[in-house]
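Visitor: what follows is a predicted protein model with its sequence.
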Amino acid sequence: MTQTAWAHLPNAKHIDWVLASVKAHQEKWGAAKAQPTKWTEVAFDAAFDAAFDAAYDAAQAAFDAANEAVCDAARTAAFDAAHEAAFDAATDAISALFAYDDCAYMIESEVDEIKILAKLGDQKAVLLLPACIVFNETKALTNASIAV
């Protein structure tokens, strides 16, 4: 098994889940990206800056992997706004997972809890809300949590 550039990070298994999930469920990621854009941009900028400072090479590798996963899924469908939304949602989640070691639990949390945190301005919650939505929608399909 090939080790990823981010395998050493505390949230590596969650980053791997995001990449696998966006590849398998692109439509859900696109649909889950229904957040206020202003909040997301501010939260993403803060997380990206932190991730860039902490682990640029690993972050770039994960962003490239997210782009590849979304592009692979999009090759079988028309390139549209859903593709862009899925990519944005995945990179938002990956940015948060890179920047904040203490946020992975939010993916497996209840959606309403993360929505409240996001409305209160928690940047991690804003970025991870789509991942939380997708996780909760697909956990019945996979019947498992993220193996940590």
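Guide: In hand now; what should we look at?
Visitor: and the residue nearest to Leu97 when sequence neighbours are not counted, how many neighbours?
Guide: Closest residue to Leu97 apart from its sequence neighbours, by C-beta to C-beta, 6 or more residues apart in numbering: Asn11 at 4.0 Å. For glycine as for every other residue, the C-beta is placed from the backbone atoms N, C-alpha and C. By other C-beta atoms under 10 Å, 24 other residues sit near Asn11.
Visitor: relative to Ala85, how far out is Asn11?
Guide: From Asn11 over to Ala85 the distance is 22 Å, taken as C-beta to C-beta, to the nearest Å.
Visitor: kindly report the same for Val42.
Guide: Applying C-beta to C-beta to Val42 and Ala85 gives a distance of 18 Å.
Visitor: and what of Lys115?
Guide: 18 Å.
Visitor: and Ala32, what does it touch?
Guide: Ala89, Leu129, Pro130, Ala131, Ile133, Val134, Glu137 (C-beta atoms under 8 Å, 6 or more residues apart in numbering).
Visitor: 10 Å instead?
Guide: Counting by C-beta atoms under 10 Å, 6 or more residues apart in numbering, Ala32 makes contact with 25, 85-86, 89, 93, 111, 129-137.
Visitor: same drill for Lys115 and Ala85, tell me which one is more crowded.
Guide: A count of neighbours by other C-beta under 10 Å puts Ala85 above the other of Lys115 and Ala85, at 20 against 16.
Visitor: surely the more buried one meets Lys33?
Guide: Yes - contact status for Ala85 versus Lys33: in contact at 4.0 Å, counting by C-beta atoms under 10 Å.
Visitor: what is in contact with those two at once?
Guide: Joint contacts of Ala85 and Lys33 (C-beta under 10 Å, 6+ apart) are Pro130.
Visitor: quick one: the helices in this structure?
Guide: 12-24, 26-32, 37-74, 81-99, 111-119, 123-142 (DSSP state H).
Visitor: determine which stretch of the ones you listed is the most buried.
Guide: With neighbours defined by mean count of other C-beta atoms under 10 Å, none of the helices of the chain is more surrounded on average than helix 81-99, at a mean of 25.
Visitor: alright, that wraps it up for me.
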